[in-house]
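Enquirer: Any chance you could fold what I've pasted below:
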Amino acid sequence: MGRVVNAAVVVDGDIDAALKKLRKKIEKEGLVKEIKRAMYYEKPTQKRRKKLLKARKKLRKLQEKMKKMEMY
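Expert: Here you go, the predicted structure:
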């Protein structure tokens, strides 16, 4: 079902630094995003729509970047 994540951090006295390392490690793994996504059911049509909108946004951004490069 879920994936196994190795998010262990060795504590060398400074708990704040260890917490910071742990947070970075968890964020890098994408755990928070995955947990939020799994908290509620999303219909397949909603997933496809989100994916399509994300692709459109990415394309629009790329086109704007290309226009700026042509000006120089």
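Enquirer: residue ranges with poor pLDDT in the chain?
Expert: 1-5, 72 (pLDDT under 70).
Enquirer: Against which helices or strands is the lengthiest helix in it packed?
Expert: Counting residues, the longest helix found in the chain (DSSP state H) is helix 44-71. Taking 3 or more C-beta pairs under 8 Å, 6 or more residues apart in numbering; DSSP states H and E as contact, there are no helices or strands that helix 44-71 lies on. Backbone N, C-alpha and C define where each C-beta goes, glycine included.
Enquirer: Could you report the distance from Tyr40 to Gln46?
Expert: 10 Å (C-beta to C-beta, to the nearest Å).
Enquirer: and those two? which has more neighbours close in?
Expert: A side-by-side neighbour count of Tyr40 and Gln46, using other C-beta atoms under 10 Å, places Gln46 first with 10 against 6.
Enquirer: Spatially, which residue comes closest to Val10, not counting chain neighbours?
Expert: The spatially closest residue to Val10, leaving aside those adjacent along the chain, is Ala18, at 7.4 Å (C-beta to C-beta, 6 or more residues apart in numbering).
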